[in-house]
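Trainee: Next input, structure requested:
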Amino acid sequence: MRAKLSVYFDYIEAELVPLWMIIKFKPGEIVWDQECLYIPIHSPFHRYNAEDFDDQIISLSIASTELVISPERPSHFGIHLPAVKQRINKLRGEKFAPQFLMEDIQQFVVQIGDVEEVLQMNVMSSFNWR
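Mentor: Next up is the predicted model:
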């Protein structure tokens, strides 16, 4: 998969801060049978303002509980696709859930704070606290 990465910024208390990482891909490009989709954290990102977010694209927010780390990929974070599929299938059973196919999803939205939290857990686990 060849994803396009973007980071959306907004002003909070007069300071420009990153809010969301957008992982954009072509419809049907995600291989949902794989365990994890790993995203590099040191990639060139397209930078946008929050008001530039295109809400016409079928997007899926990724929950912090669906983010993972791997010792084999220290400069990446992962998205655990079985957990994402399980959440989508649960939502589909709700009365007012929007109807879509998995292949229709064109981007993932990840909160930067969630990425920082997951990566911090990796750093903290490397210290010996005895």
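
Trainee: need the contact list for the spatially most central residue of the chain.
Mentor: Nearest to the centroid of the C-alpha atoms of the chain, with distances taken as Cα atoms, centre = their mean, sits Val110, at 3.4 Å. Contacts here follow Cβ atoms under 8 Å, 6 or more residues apart in numbering; on that basis Val110 touches 20-23, 39, 61-62, 67, 79. Backbone N, C-alpha and C define where each C-beta goes, glycine included.

Trainee: Trp32 too?
Mentor: Contacts of Trp32 were listed using Cβ under 8 Å, 6+ apart, and they are 81, 85, 102.

Trainee: What is the burial count for the last one?
Mentor: In other words, Met102. Under the neighbour criterion other Cβ atoms under 10 Å, Met102 is assigned a count of 14.

Trainee: ditto for Ile62
Mentor: By the other Cβ under 10 Å criterion, the neighbourhood of Ile62 contains 23 residues.

Trainee: Test my guess that it contacts Ile105.
Mentor: No - in terms of Cβ atoms under 8 Å, Ile62 does not count as a neighbour of Ile105; the distance is 10.9 Å.

Trainee: So Gln106 is in contact with Asp54, correct?
Mentor: No - using Cβ under 8 Å, Gln106 is not in contact with Asp54; the gap is 9.7 Å.

Trainee: If you count surrounding residues, which of those two has more?
Mentor: Gln106 (19 against 11).

Trainee: so what's the more buried one up against?
Mentor: By Cβ under 8 Å, 6+ apart, the residues touching Gln106 are 24-27, 57-59.

Trainee: Out of the residues you listed, which end up buried?
Mentor: Among those, those scoring as buried are 24-25, 59 (criterion: 16 or more other Cβ atoms under 10 Å).

Trainee: Mind checking which of the residues you listed are in strands?
Mentor: Secondary structure assignment (DSSP state E) places 24, 59 from the buried ones among the contacts of Gln106 within strands.

Trainee: Out of the buried ones among the contacts of Gln106, flag the one nearest to Glu35.
Mentor: Nearest to Glu35 among the buried ones among the contacts of Gln106 is Phe25, at 17.4 Å by Cβ to Cβ.
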